[in-house]
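>>> Task: produce atomic coordinates for the following.
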Amino acid sequence: MRKSWTWIACGVAFVAAALVAGQQDAQARPNYLKSFNGAYPALKEAAEGAKCGICHFGEKKTNRNDYGKAVGEALGAPKITDEKVLEAALKKAEAGKSSTEGKTFGDLIKSGKLPGKNP
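Numbering: from 1, shown residues only. Next comes the predicted model:
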């Protein structure tokens, strides 16, 4: 009886360890979306639907689309929390050349479209 409890305890510990190891760290940056919505209120509904897809694509959040790369370059550092720095980076990224021929990200935003495109 004692051996079976030992095996059960080992099994539970193994399953718990596997569940913890399988968890991915959350990299959410809700202040980025908040700043985007503040800077571009006309796109708020589309942005809320796209959420991270404004700057990212695919399952891995390290995959940035063209707009995400432009914003990242404008920020200059990861994990920025200062709203003024975020807003300045968004404005700076507007001048970036989008993958839409002859249009900048700012042109797309002014026409009511989300700026990023997936490769």
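>>> what ranges of this structure fall below the confidence cut-off?
1-4, 7, 9-28 (pLDDT under 70).
>>> where do the helices sit along it?
2-22, 30-39, 44-50, 66-75, 83-93, 105-110 (DSSP state H).
>>> which residues touch the fourth one?
Think helix 66-75. Residues outside helix 66-75 that contact it (C-beta atoms under 8 Å, 6 or more residues apart in numbering): 54-56, 64, 78, 85-86, 88-90, 92-93, 96, 98-99, 105, 114-117, 119. (Each C-beta comes from the backbone N, C-alpha and C, glycine too.)
>>> Write the ChimeraX selection for whichever of those are buried.
Buried residues among those (16 or more other C-beta atoms under 10 Å), as a ChimeraX selection:
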select :54,55,56,64,86,89,90,92,93,96,98,105,114,115,116
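>>> residues touching residue 53, list them.
So residue 53 contacts residue 116 (C-beta under 8 Å, 6+ apart).
>>> So it versus residue 81, what's the distance?
21 Å (C-beta to C-beta, to the nearest Å).
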